[in-house]
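Trainee: Would you be able to build a 3D model of this:
(one chain, ligands or ions: 1)
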Amino acid sequence: ETESLAPLSIDNVVVVSNRQPYRHRYEQNGDGDGSRAERSIAVDRPTGGLTAGLDPVMQKLNGTWIAWGDGEADRDATSEDGQVSVPPEEPEYTLQRLWLTDKEIDGYYYGYSNRALWPLCHLAMGRTVFDGEQWRTYRRVNQKFAEKVVDNVDDDTVVWFQDYHLACAPRTVRLQSSSSPFLLHFWHIPWPSIDAFRACPQHQEILKGLLGNDLIGFHVTQYCRNFLECAARLVEETEVDYDRGLIRHDGHETAVSAFPMGVEADSIEQLSEAADESAWQSFKHRHAIGPNTRVVLGVDRLDYTKGIPERLEALEHLWNTQPEWQGQFTYVQKGTESRSEIPAYQRLQNRVDEIIDRVNSRFGTDEWQPIVLVDENLPRKTLCGLYRYSDAAIVSPLRDGMNLVAQEYIASQVDDDGVLILSELAGSHEALGDAVLSVNPYDTEAHAKAIDQALTMPAAERRNRTRRLRRRVHNNDLSSWLNDVFEGAQQLREEQEAKS
Ligand code: GDG
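Mentor: You can find the predicted model right below:
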């Protein structure tokens with residue numbers, strides 16, 4: 001899959017992310033009492049998504065990956081200076097770990113990242129908490145990351161920062177490094193309009209931190225436009241070229257560009273092909289879904305941005321206003337628990353449980369449960385089987401940077417027959433929009449109508465739409481995204497060199 005990266009002249013890459021690609025943990029051997037002699041170290045590997053996609057690239061480039069280590073086994077497996085070679089069985093690159101205290105994790109991760117920046121960027125203004133102490137911790141942790149980066153770069157390095165956890169680090173690297181590495185940042189969540197962003201008390205420092213980069217990538221052009229406008233109007237002495245996506249500030253130029261991320265379409269398709277129907281039937285049996293009952297699927301982290309209560313209320317509305325649908329299909333919500341340390345997430349989980357109980361007791365019978373909540377983490381193959389055999393899927397975020405589940409669902413349609421209902425407010429709608437059933441997740445009646453439409457759509461139309469969508473998802477898969485990002489960086493680097 002990474003073959004296409006071969007001709008690229010970038011060969012010195014440092015990836016910087018909140019989450020690490022490999023995690024060590026202790027495994028109990030036999031039924032001992034847990035003493036050191038009876039346990040051994042095992043390694044959890046990346047499963048799917050960006051980390052899994054970048055890992056082979058890093059193996060090929062023999063780069064460095066900086067992230068924070070977590071727990072006793074990680075510490076014991078890591079050298080004095082924070083290094084561990086990965087993959088463990090056949091080392092190809094260096095994982096450079098830094099260590100955070102519980103208090104730092106609290107302030108930086110559960111605090112400023114997820115109580116301030118996450119809701120801010122998703123326009124959930126009522127859920128934002130801008131706490132001075134958490135902000136200072138966020139800045140300090142960013143400083144720690146930046147110092148690790150500085151120790152690991154030279155003039156030829158391309159540093160690739162991931163996401164909203166690291167907004168301040170790029171400027172610090174630029175100011176503190178004696179060499180001039182190329183700094184690239186991908187922001188995986190939306191960038192809000194200036195009206196929302198200016199409400200953030202730290203907006204200046206966040207923007208200036210990011211303007212330390214040479215290139216910033218977002219999923220869609222609207223987020224780029226929002227970012228350009230925020231920089232132009234909120235940071236003093238900036239010059240912004242909206243047409244070319246360039247920002248000049250403090251003697252440095254930052255390019256802003258859209259790179260819509262894709263999924264590992266080939267491997268998803270293979271897993272889906274390999275998922276047989278008997279496994280699907282036993283999944284249904286295990287969850288008391290009748291063999292002939294149709295299934296509508298939702299796969300989300302339990303996050304308030306994913307529009308889960310809104311979706312459940314649309315289902316309730318459908319079963320209420322069109323009772324002929326009662327008993328006909330079950331809605332399966334694969335809901336992964338997420339960020340449960342944060343009160344807004346606990347409230348969301350309670351709300352989801354309440355609505356499910358209400359709908360199930362309102363319409364359920366001895367033979368039929370309207371909604372099934374699956375909370376265990378599923379192996380990728382099982383997940384692909386769910387995608388393949390469900391009659392329809394609902395992806396209805398209130399706001400979402402991209403949403404990879406939508407693309408994974410399409411890649412899994414090896415029988416060309418599933419219907420995707422997709423929120424207009426997800427980044428992935430820009431790429432998939434005209435061939436899916438679009439919904440505004442805030443519009444309960446229209447949402448219910450879309451579910452009805454999905455379940456009554458003629459086979460020919462389903463095939464037609466799915467084929468078009470599958471082509472798009474294959475043409476813009478994860479490896480082509482990686483290529484575009486690296487090529488974007490390479491091109492800019494050449495332009496910079498030509499200028500100097
Ligand atoms: C952020 C942005 C952007 C879920 N359950 C299981 C499982 N998953 C996997 C899915 C999918 C991933 O989790 C979720 O990705 P999303 O993109 O849908 O959402 P976020 O986690 O919010 O991601 C988002 C993304 O970053 C990338 O830039 O698209 O907008 O919010 O890959 O398959 N995987 C397995 N078992 C499960 O039970 N194996």
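
Trainee: which residues pair with Gln83 across the strands?
Mentor: Assessed by DSSP bridges, Gln83 has beta-bridge partners Gln96.

Trainee: same question but for Ala255, I mixed them up
Mentor: Leu215, Leu246.

Trainee: looking at it, Thr157 is touching Pro181, isn't it?
Mentor: Yes - using CB atoms under 8 Å, Thr157 makes contact with Pro181 at a distance of 4.0 Å. In this view, the C-beta of every residue, glycine as well, is placed from N, C-alpha and C.

Trainee: list residues touching both of these two?
Mentor: Common contacts of Thr157 and Pro181 (CB atoms under 8 Å, 6 or more residues apart in numbering): Val14.

Trainee: Distance from the strand or helix carrying Ile410 to the middle of the chain?
Mentor: Using DSSP states H and E, Ile410 sits within helix 404-411. Centroid separation between helix 404-411 and its chain, computed with CA atoms, centre = their mean, to the nearest Å, is 13 Å.

Trainee: Please say whether there is contact between the next helix or strand along the chain from it and the ligand.
Mentor: Using DSSP H and E, the helix or strand that directly follows helix 404-411 along the chain is strand 419-423. No - using CB under 6 Å from any ligand atom, we find that strand 419-423 stays clear of the ligand, coming within 11.3 Å at best.

Trainee: Can I get whichever helix or strand comes after strand 419-423 in PDB, CA atoms only?
Mentor: Past strand 419-423, further along toward the C-terminus, the next helix or strand under DSSP H and E is helix 429-432. C-alpha atoms of helix 429-432 as PDB (Å, rounded to 0.1, in the frame of the first residue of the first chain):
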ATOM      1  CA  HIS A 429     -20.600  14.800   3.200                       C
ATOM      2  CA  GLU A 430     -18.500  17.000   0.900                       C
ATOM      3  CA  ALA A 431     -17.100  14.000  -0.800                       C
ATOM      4  CA  LEU A 432     -20.100  11.600  -0.700                       C
END
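
Trainee: what pLDDT, on average, does stretch 89-108 get?
Mentor: For stretch 89-108, the mean per-residue pLDDT is 96.

Trainee: contacting residues for the nearest residue to Asn226 once chain neighbours are set aside?
Mentor: What sits nearest to Asn226 in space, not counting adjacent residues and going by CB to CB, 6 or more residues apart in numbering, is Trp191, at 4.6 Å. Counting by CB under 8 Å, 6+ apart, Trp191 makes contact with 121, 197, 218, 223-224, 226-227, 230.

Trainee: Show me those residues that map onto helices.
Mentor: 121, 197, 223-224, 226-227, 230 (DSSP state H).

Trainee: Please identify which of those is nearest to the ligand.
Mentor: Using CB to the nearest ligand atom, Cys121 comes nearest to the ligand of the ones in helices among the contacts of Trp191, at 9.4 Å.

Trainee: any idea how far the closest residue to the closest one other than its chain neighbours lies from the ligand?
Mentor: Setting aside the residues directly before and after it, Cys121 is nearest to Ile189 in space (CB to CB, 6+ apart), at 4.8 Å. Look at Ile189 and the ligand: by CB to the nearest ligand atom, to the nearest Å, they are 5 Å apart.

Trainee: What residues does the stretch 51-200 of the chain have near the ligand?
Mentor: Residues of the stretch 51-200 of the chain lying close to the ligand (CB under 6 Å from any ligand atom) are 188-189.

Trainee: And the strands in the stretch 51-200 of the chain?
Mentor: Taking DSSP state E, counting those that start in this stretch as the criterion, the stretch 51-200 of the chain contains strands spanning 64-68, 83-86, 93-98, 158-162, 182-186.

Trainee: what's the closest residue to Trp65 other than its chain neighbours sitting at in phi/psi?
Mentor: Leaving out its chain neighbours, the residue that sits closest to Trp65 by CB to CB, 6+ apart is Val15, at 4.6 Å. Taking degrees, to the nearest 10, you get phi -90, psi 140 for the backbone angles of Val15.

Trainee: For Phe363, see how far away the nearest residue to Ala459 once chain neighbours are set aside is.
Mentor: The spatially closest residue to Ala459, leaving aside those adjacent along the chain, is Asp417, at 6.8 Å (CB to CB, 6+ apart). Separation of Asp417 from Phe363 (CB to CB, to the nearest Å) stands at 26 Å.
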